[in-house]
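**Student:** let's see this in three dimensions:
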Amino acid sequence: MSRLIVKNLPSNFEEKALKKKFAEFGKLTDCKLMKNEKGKSRRFGFIGFQSEKNAEKALEKLNNSLFLNQKVCVEICKNFTAELKKKEKKEKVDDKKTTNKKDEGKSVEHHKDGYWVKMRGCPYSVTESQIKDFFVQLQVKQIEILKNKEGNKSGFVLAEFQSEKDQKQAMKSNKDYLQGRYIELQVYQQNFKTNLATKLNKKKKDVKFEEIDEDISESGRLFVRNLAFSCTEEDLLKLFEKVGPVSENTIICDGQTDESCGYGFITYMMPEHAIEAFNSLDGSIFQGRMLHVLPSKPKTSDEKPEFKHHYSNTSSFKQQKEAELKKNAESSHNWNTLFIGGNAVADAIVEKYGADKMEVLDSTKTHSAAVRLALGETEIVQDTKKFLADNNISLESFNYPDSKRSKNVIIAKNLAASTTSGELRNKFDKYGKLKRVLLAPAGTTAVIEFVKLSEAKTAFMKEAYRNFHHKPLYLEWAPLDIFKTTEDENNNDKKDDEKDTKPEGPSSSAETMTLFVKNLNFDTKQEDMKKHFEQIGPVINCIISQKKNLRSNNMLSMGYGFVEYQHKKDGLECMKKLQGSELDDHNLELKKSEKQLVQKQTGRKQAKNQENVDDINKIVVRNIPFQANKHEIRDLFETFGELKTVRLPTKLNQNLNEAGSQHRGFGFVDFVTRENAKTAFEALCQSTHLYGRRLVLEWAQTDSSNEESLKRKNTEHYNTLSKKSKSILKVDRFEESLNNVADNNDSD
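**Tutor:** So this is what the prediction gives:
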């Protein structure tokens, strides 16, 4: 724990001295000396450290040490979460029950039924005969003299009568004297009123907790306060992600100083996780401070004025769609940094080459407008990449869409070709101070860096999808390490030198080995799986295949995965030693796999990794639009070199004799030379769109086994089709025969 309590402090010890004493062991997040209403010290205080290690050091060295010649006691603060409170209450109730049983013994059983009268103020030497003499006219059924914890008489006596009349008659002796002692009587009803009050209070508390749970289950959002001012959004996310997946986390910052205000908001994907976090983390200690977690209302237009749209019921669909896009502007599926709209490509070509826009967009028999736009986009993307590299921007950071994103660097896309850096600066300068504005030569992509995080966020939320030069402005957060440092450049130079000095030979991927792991437990995590296989040797990557649960939107394990070893010998040894080994009560089945694992990389990056294969001139082109034809694909790739063949497989369920049969959305392009294939691959794999669809390129596999498997699948498919057609013909003939019989009967 990172929070300490210091007891038995000197009465004249000040808070500054206490802070100075503990600051020697590490960074403090909280220091408070408790005082009474008059401002005098209560001789104890609380210390909060940012890390638990520093708190442990302070505890070891300062516990039982002397502060102004007075011995001080340093202890760890306890959590006050709802779960711990419930446990403590249960323990207290159990302790009370055990003590009552010890003190009262069998008398507890007699308290359940009967007509009892409680006597108060009896002498300690009182006996049962004296009590019977006190109730002379009545017959006492049972007498119990109560004792305290030490076993001595307490001055309280319980007397049981046979009927309610006798109980009322006995109450008339109230305030009489017994051996000179003043006796008070009261009807003993097993503390019915007090039990009723406690039950009512419990019911009220339960109702309050139920209302809180209902509020959280509706919104799934929590308000967290009393955070350390040095706490970041990443620290807050790590704490609350232990309970469940978080969709949004924000720490509110001061607009002027850009420093944390000490509170923030957490939104869970599933409301059940928000309820669990409220019960487990409210009152817990985090970075030396005790967190206070409260239910928060769902995000409304009042909280975020940038999302405030007053659309009536008669408003157009376009305006409502724009509002939805603005709300989801920060979503990661929007992040395609090198995206350029078709109109912007046409404008850039016209401005660069001085051609007429009608000539660019006009299709003829020999030249297609879609191919012109695709080649123009490819040229603009290459120029943009060169511009980014010249301005010390890391191009590798864009290959990881799931990587962490910056909070003060914005990438603006879909800009008009006539956009200038001065216009962009004027547009974003009103939200705060800008550090730099970089505009690509084509004017379609820009990088904007703010000085303060809060100003960048307000600019992003207000300007996303807003019209700029009659076009919607697409914004995305840049990767966290977008700008190169001098150290990164030196490391890259060293890597390049190492690559040059390495002898030519088999690629590094050939030395690795990937295993297919079957019969995994659905609850097994990737970390546990990786630890299990690291017994043999170093593991490069470990992946468990998952699918999305449509009901809860959570990712579910499919029961199998892949493990990639750094050395092939470790993979072979693993198949011998860990075959049938047990992991989470499941016996694993291992097989060799030809798959090469690449974690958190786009399809473009995966395709690049296959580039090392020697003597391959054929490229697989996926995601081809159905309106594109073979002639357009040939025109697109012929600009990079001479082609052997271009093939677009047609759909199998279509009649082969039918003219103009539709292709299946992918094709194969085979170049004459390897160099031409490589240049075409590098140019078109970035962000080339044909008829609005992005082309996905991969190196074709020339393994004969793959060709044989494809042939086998095709023959099986045709065989099934022929069987179905035969069965359909039989059914048709049977129906025709039945119809003929019916016609003959009608004629008769």
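
**Student:** okay, CA-based contacts and neighbour counts for the rest of this
**Tutor:** Noted.

**Student:** pretty sure I252 contacts E233?
**Tutor:** No: using Cα atoms under 8 Å, I252 is not in contact with E233, being 9.7 Å away.

**Student:** secondary structure element holding the closest residue to I544 other than its chain neighbours?
**Tutor:** Closest residue in space to I544, ignoring its immediate chain neighbours: G561 at 4.1 Å, by Cα to Cα, 6 or more residues apart in numbering. Per DSSP states H and E: G561 is located in strand 555-565.

**Student:** so what's the residue nearest to I544 up against?
**Tutor:** By Cα atoms under 8 Å, 6 or more residues apart in numbering, the residues touching G561 are F516, V517, K518, L520, C542, I543, I544, S545.

**Student:** same question, I624
**Tutor:** G665, F666, G667, L690, R693, R694, L695.

**Student:** and these as CSV, adding secondary structure and neighbour count?
**Tutor:** Listed next are the contacts of I624 as CSV, based on DSSP: H, G, I helix; E, B strand; the rest coil; neighbours: other Cα atoms under 10 Å:
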residue, secondary structure, neighbour count
G665, coil, 17
F666, coil, 19
G667, strand, 20
L690, strand, 24
R693, strand, 12
R694, strand, 19
L695, coil, 21
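
**Student:** mind checking how far the residue nearest to I544 is from E527?
**Tutor:** Per Cα to Cα, to the nearest Å, G561 is found 13 Å from E527.

**Student:** show me where pLDDT drops low in the stretch 301-450 of the chain?
**Tutor:** By pLDDT under 70, the low-scoring segments of the stretch 301-450 of the chain are 301-319, 321-337, 397, 399-403.

**Student:** using the three-state scheme, assign I619.
**Tutor:** strand (DSSP: H, G, I helix; E, B strand; the rest coil).

**Student:** give me the spatial nearest neighbour of it, chain neighbours excluded.
**Tutor:** Nearest to I619 is W699, by Cα to Cα, 6+ apart, at 4.7 Å.

**Student:** for the one you found, give me phi and psi.
**Tutor:** W699 has phi and psi values of phi -80, psi 130 when expressed as degrees, to the nearest 10.

**Student:** K147 too?
**Tutor:** The phi/psi pair for K147 (degrees, to the nearest 10) is phi -130, psi 160.

**Student:** what is the burial count for it?
**Tutor:** 16 (other Cα atoms under 10 Å).

**Student:** next SSE after the lowest-mean-pLDDT helix or strand in the chain?
**Tutor:** The helix or strand of the chain with the lowest confidence, counting by mean pLDDT, DSSP states H and E, is helix 107-110 at a mean of 40. Going down the chain from helix 107-110, the next helix or strand is strand 115-120, by DSSP H and E.

**Student:** which stretches of the stretch 151-300 of the chain form helices?
**Tutor:** Taking DSSP state H, counting those that start in this stretch as the criterion, the stretch 151-300 of the chain carries its helices at 164-171, 192-219, 233-240, 271-281.

**Student:** phi first, then psi, for Q139.
**Tutor:** phi -100, psi 110.

**Student:** show me the contacts for it.
**Tutor:** Residues counted as contacts of Q139 (Cα under 8 Å, 6+ apart) are K132, F161, Q162, D166.

**Student:** drop anything exposed from those.
**Tutor:** Listed as buried from the contacts of Q139 are K132, F161, D166; burial here means 16 or more other Cα atoms under 10 Å.

**Student:** PyMOL command for the buried members of the contacts of G561?
**Tutor:** A single PyMOL command selects the buried members of these (16+ other Cα under 10 Å):
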select buried, resi 516+517+518+520+542+543+544
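
**Student:** got TSV for the contacts of G561, with secondary structure too?
**Tutor:** TSV is the format used below for the contacts of G561 (three-state DSSP):
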residue	secondary structure
F516	strand
V517	strand
K518	strand
L520	coil
C542	strand
I543	strand
I544	strand
S545	strand
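
**Student:** who touches stretch 534-549?
**Tutor:** So stretch 534-549 is contacted by 525-526, 529-530, 533, 554-567, 570, 573-574, 597-599 (Cα under 8 Å, 6+ apart).

**Student:** restricted to buried residues, select the residues you listed in PyMOL.
**Tutor:** Listed next is the PyMOL selection for buried residues among the contacts of stretch 534-549, using 16+ other Cα under 10 Å:
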select buried, resi 529+530+533+557+558+559+560+561+562+563+564+565+566+567+570+574+597+598
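
**Student:** double-check E164 against W116; I have them as touching.
**Tutor:** No: E164 is not in contact with W116 according to Cα under 8 Å; the separation is 9.2 Å.

**Student:** of these two, who's got more company?
**Tutor:** The neighbour comparison of E164 against W116 (other Cα under 10 Å) goes to W116, with 27 against 12.

**Student:** any chance you could map the strands in the stretch 251-400 of the chain?
**Tutor:** Secondary structure of the stretch 251-400 of the chain (DSSP state E, counting those that start in this stretch): strands located at 260-268, 285-286, 289-290, 292-295.

**Student:** parallel or antiparallel, which strands does the second one pair with?
**Tutor:** The one in question is strand 285-286. Note on strand 285-286: by DSSP bridges, its sheet partners are strand 289-290 (antiparallel).
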